[in-house]
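Colleague: Predicted model, plus sequence, below.
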Amino acid sequence: MASGGFFRKFRITLLLLVLFFVGMNSWLTRLRTTDWDEPLWVVIYPVNGDGGSATARYIKRLSSGDFKSVEDFLAREARRYDPRITEPVTIKLAPEVIERPPLPPINASTLSIMLWSLKLRYWAATHDTFEGPEPDIQMYVVYYDPKTHQRLRHSLGLQKGLIGVVNAFASPAQAQRNNVVIAHEFLHTVGASDKYDPQNNQPLYPEGFAEPDRDPVYPQKSAEIMAGRIPVASHSAVMPNSLSSCVVGPLTAREIHWTD
């Protein structure tokens, strides 16, 4: 009986130690990715989501330059809050990833979502095609031909794991809108929260408005990036065409430690 009690206490102690080190690692990672002392190394991993030839051709033509507007947007907005942050991110493009990432569960329990998150993190660790320095943030961009896919699944960004999965259209005409989504999901990975109502996708007032003090408040001219849309009326909002029509609001800036 005594030995059984000892091993039980030993297992509990071991579990507590594992949880402590996991928690400490998450905390240290959070500090490292939001101190902004050095540019975060962000790698884009293109994935052919529909297996089509048109999507394959689009991916083949991609270069790191196609995502420069994301770098420029984050640098522009960071300088508004802290002039010392001149280059928050460096974006590189990895070779195509052949296998698609695991899909998140629909209307699932908290446990199912946690298991899926662990599965995604394992999948990302085993599908890293980038030949270079280890990335700080992995962004898997899953492309679909807009001729066959008019609507796409919701994209996501995980702070735990520093992984984003973006569903995007394989079309030059949609490239800048894709970059809006990439920037939004990237900011999730460094701690930003959504600023829209999940029931109707309308930006929340005032945190989801680029100019909450504007008079009259509607129509807004820009989108708060974590709201994702430009409010043009009390019950209407439109997707920005590019990051030139987006801003990082004060609450988002605080969440990602660009300001106190």
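Modeller: That came through fine.
Colleague: State the distance from P240 to H184.
Modeller: According to C-beta to C-beta, to the nearest Å, P240 stands 10 Å off from H184. C-beta: built from backbone N, CA, C; applies to glycine.
Colleague: Compare the two (neighbour count), which wins?
Modeller: More neighbours sit around H184 than around the other of P240 and H184, counting by other C-beta atoms under 10 Å; the figures are 23 against 20.
Colleague: The more buried one in helix, strand or coil?
Modeller: Per DSSP: H, G, I helix; E, B strand; the rest coil, the secondary structure class of H184 is helix.
Colleague: show me what contacts it?
Modeller: 155, 157, 225-226, 228 (C-beta atoms under 8 Å, 6 or more residues apart in numbering).
Colleague: Which single one of the residues you listed is nearest to R121?
Modeller: Comparing the contacts of H184 against R121 with C-beta to C-beta places G157 closest, at 12.9 Å.
Colleague: Which residue, neighbours along the chain excluded, lies closest to G161?
Modeller: Setting aside the residues directly before and after it, G161 is nearest to R121 in space (C-beta to C-beta, 6 or more residues apart in numbering), at 4.3 Å.
Colleague: For G161, see how far away M114 is.
Modeller: When distance is defined by C-beta to C-beta, M114 is 12 Å away from G161.
Colleague: higher neighbour count, the two?
Modeller: Neighbours were counted for M114 and for G161 using other C-beta under 10 Å; G161 has more, 19 against 12.
Colleague: my read is that one is in a strand, agree?
Modeller: No. Secondary structure assignment (three-state DSSP) places G161 in coil, not in a strand.
Colleague: Does it touch S117 like I think?
Modeller: Yes. Applying C-beta atoms under 8 Å, one finds G161 in contact with S117, separated by 6.8 Å.
Colleague: Please name the residues that touch Y143.
Modeller: Applying C-beta under 8 Å, 6+ apart as the definition, the contact partners of Y143 turn out to be 46-50, 55, 58-59, 168-170.
Colleague: Let's verify it: helix, strand, or coil?
Modeller: Look at Y143: counting by three-state DSSP, its state is strand.
Colleague: What is the neighbour count of the closest residue to it other than its chain neighbours?
Modeller: The shortest distance from Y143 to any residue other than its chain neighbours is 4.0 Å, reached at A170 (C-beta to C-beta, 6+ apart). Other residues within reach of A170, judged by other C-beta under 10 Å, total 28.
Colleague: same question, the one 5 residues further on
Modeller: Around A175 there are 17 other residues, counting by other C-beta under 10 Å.
Colleague: what do you get for A253?
Modeller: Counted with other C-beta under 10 Å, A253 comes out at 19.
Colleague: What strand or helix carries it?
Modeller: Following DSSP states H and E, the helix or strand that holds A253 is helix 250-255.
Colleague: In that helix, which of the residues would be classed as buried?
Modeller: By neighbour count, with 16 or more other C-beta atoms under 10 Å as the criterion, the buried positions of helix 250-255 are 250-253, 255.
Colleague: any idea of the mean pLDDT for it?
Modeller: Model confidence over helix 250-255, given as mean pLDDT, is 98.
Colleague: could you pull out the strands for the stretch 151-260 of the chain?
Modeller: Under the criterion DSSP state E, counting those that start in this stretch, the stretch 151-260 of the chain contains strands at 156-158, 163-169, 223-224, 230-233, 236-238, 246-247.
Colleague: Tell me which of the ones you listed lies nearest to D72.
Modeller: With respect to D72, and counting by C-beta to C-beta, the nearest of the strands of the stretch 151-260 of the chain is strand 246-247 at 11.4 Å.
Colleague: Show me what the closest one pairs with in its sheet, parallel or antiparallel.
Modeller: Applying DSSP bridges to the sheet, strand 246-247 is found paired with strand 223-224 (parallel).
Colleague: what's in contact with the partner strand?
Modeller: With contact meaning C-beta under 8 Å, 6+ apart, strand 223-224 is reached by 180, 195, 203, 207-210, 229-230, 239-240, 245-249, 252.
Colleague: that older thread, hmm, the residue nearest to Y143 is touching G51, no?
Modeller: No. With contacts counted by C-beta under 8 Å, A170 stays clear of G51, the gap being 11.5 Å.
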